[in-house]
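A.B. asks: Let's see this in three dimensions:
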Amino acid sequence: MAGFLVRRLINYVVLVIVASSLAYMLAASALDPRSNYAGRNPPPSPAVVNATLSALNLNDETPLFERYMTWAGGVLHGDFGKTVDGTSVNEDLKRRAGVTLRLIFIGLFVGSIGGVFIGAYAAVRQYGWFDRISTGMSFAILAIPTVVLANMLILWGTDLNQAIGFDLVYVQGETSAGFDGGFWSSLVDRLQHLILPTISLSVGLVAVYSRYQRNMMLDVLGADFIRTAIAKGLSKRQALIKHALRTALIPIVTYFAFTFGSLLTGATFTEKIFGWHGLGEQLINSIFKNDVNTVAAIAFLTAVIILVASLASDVLHAALDPRVRVG
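C.D. replies: Next up is the predicted model:
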């Protein structure tokens, strides 16, 4: 198993290098930091603009490959350079990465566990009322874009708070402004802010996972090894959990890494709509500000996050399928 994981890790590291390099090249070619100085009053001299951009490694008069090598050298030492405002990219993204990862991990946990449970139960109760309702709701949810769903949740949360007479859920921000309570009060406050963004991210994931899990379970339920396990004395529940569910989960964990990509995309809109100051919000702001180094840093961090998710997917795959460990 160790050899399998090492080979996969090497492949992922190469993919991260390629993806982050292409992201920097694209950002450095498409964005125009020089335009940030246009229209200023009094207008800075071309020499001052060039000196400022060169100090930030953003001067478009410097060859692209030279700028890339400077940026890559900094990344190897853990330095993502400076923003267009001259502040450290590292310091800005350190806190934002924690915000985004907290939102994504909770959304992933809720979405994957909920989707697997719903899909497996729907397969066991095929064509029953639960199967039909879950199928209809899944297709309805998948038809709603994340942006629309997030705004619907804000309206729903506002109406709910008005109906019950107090704020059960909050529709903006990570915490209440100026809140200074104890540990448990702060925890409750954060959870109240987390409810709607988590639903926005996880509900689509529940719909996708439930569809995949249902189909995989239906393929396994009629297999010979399930009938053999029951014939040898296992109860139907034990056979379903120990054999059918475990086998049906193998294709699902392969999809695990791709889930992170879709969650990161969804988090970009979710953070912007709910006022969470994470990587997604900063990515949008950085593009508008022509901040090449920040855009490239976020692309690099995203690639690393997906690398870790892919490696975790491989570990789960190997744990569920002995054939992978042997190979």
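
A.B. asks: Spit out the contact partners of residue 164.
C.D. replies: Contacts for residue 164 (Cβ atoms under 8 Å, 6 or more residues apart in numbering) come out as none. (Each C-beta comes from the backbone N, C-alpha and C, glycine too.)

A.B. asks: For residue 193, see how far away it is.
C.D. replies: 17 Å (Cβ to Cβ, to the nearest Å).

A.B. asks: just residue 89 next, same as before
C.D. replies: In terms of Cβ to Cβ, residue 89 sits 26 Å off from residue 193.

A.B. asks: do the same with residue 159
C.D. replies: For residue 159, the distance to residue 193 equals 18 Å [Cβ to Cβ].

A.B. asks: Which one of those two is surrounded by more residues?
C.D. replies: Using other Cβ atoms under 10 Å, the more surrounded residue of residue 159 and residue 193 is residue 193, with 21 against 10.

A.B. asks: And the pLDDT for that one?
C.D. replies: Looking at residue 193, its pLDDT stands at 87.

A.B. asks: Could you find the closest non-adjacent residue to it?
C.D. replies: Closest residue in space to residue 193, ignoring its immediate chain neighbours: residue 170 at 4.6 Å, by Cβ to Cβ, 6 or more residues apart in numbering.

A.B. asks: residue contacts, that neighbour?
C.D. replies: By Cβ under 8 Å, 6+ apart, the contact set of residue 170 is 157, 176, 192-193, 196.

A.B. asks: Figure out how far stretch 299-316 is from the centre of its chain.
C.D. replies: 10 Å (Cα atoms, centre = their mean, to the nearest Å).

A.B. asks: Tell me the buried residues in that stretch?
C.D. replies: Within stretch 299-316, the residues scored as buried using 16 or more other Cβ atoms under 10 Å are 299-307, 309-310, 313-316.

A.B. asks: Make sure residue 300 is actually in contact with residue 79.
C.D. replies: No: with contact defined as Cβ atoms under 8 Å, residue 300 and residue 79 do not form a contacting pair (11.9 Å).

A.B. asks: remind me, longest helix of the protein?
C.D. replies: What stands out as the longest helix in the chain, according to DSSP state H, is helix 183-221.

A.B. asks: What are the buried residues along that one?
C.D. replies: Across helix 183-221, burial judged by 16+ other Cβ under 10 Å covers 189, 192-194, 196-214, 216-218, 220-221.

A.B. asks: helix or strand for residue 136, which one?
C.D. replies: Taking DSSP states H and E as the criterion, the element that holds residue 136 is helix 129-142.

A.B. asks: so that helix versus helix 183-221, what angle?
C.D. replies: Interaxial angle, helix 129-142 versus helix 183-221 (axes from the mean of the first three to the mean of the last three Cα atoms, to 10 degrees): 110 degrees.

A.B. asks: Contacts for helix 129-142, please.
C.D. replies: Applying Cβ under 8 Å, 6+ apart, the contact partners of helix 129-142 are 118-119, 121-123, 125, 149, 203-204, 206-208, 210-211, 214.

A.B. asks: again with stretch 52-64
C.D. replies: The contact list for stretch 52-64 (Cβ under 8 Å, 6+ apart) reads 25, 28-29, 32-34, 37, 44, 50, 67, 70-71, 81-84, 86, 292-293.

A.B. asks: first vs last residue of that stretch, how far apart are they?
C.D. replies: Stretch 52-64 has an end-to-end distance of 17 Å (Cα to Cα, to the nearest Å).

A.B. asks: Work out the gap between it and the centre of the chain.
C.D. replies: A distance of 32 Å separates the centroid of the chain from that of stretch 52-64, by Cα atoms, centre = their mean.

A.B. asks: go on, stretch 112-131?
C.D. replies: Centre-to-centre, stretch 112-131 and its host chain are 25 Å apart (Cα atoms, centre = their mean).

A.B. asks: Buried residues, that stretch. List them.
C.D. replies: Residues of stretch 112-131 classed as buried by neighbour count (16+ other Cβ under 10 Å): 112, 114-116, 118-124, 131.

A.B. asks: what's the answer for stretch 100-107, then?
C.D. replies: Across stretch 100-107, burial judged by 16+ other Cβ under 10 Å covers 100, 102-104, 106-107.

A.B. asks: For residue 98, give its distance to residue 109.
C.D. replies: From residue 98 to residue 109 the distance is 16 Å (Cβ to Cβ).

A.B. asks: and what of residue 174?
C.D. replies: Distance of residue 174 to residue 109, given as Cβ to Cβ: 18 Å.

A.B. asks: neighbour-wise, which of those two wins?
C.D. replies: Set residue 174 next to residue 109 and count neighbours by other Cβ under 10 Å: residue 174 wins out with 19 against 13.

A.B. asks: Give the phi and psi angles for the more buried one, as a check.
C.D. replies: Phi and psi for residue 174, reported as degrees, to the nearest 10, are phi -90, psi -30.

A.B. asks: my read: it touches residue 271, true?
C.D. replies: No: using Cβ under 8 Å, residue 174 makes no contact with residue 271, being 9.6 Å away.

A.B. asks: before we move on, back to that, for the contacts of residue 170, which one is nearest residue 244?
C.D. replies: residue 196 (35.2 Å; Cβ to Cβ).
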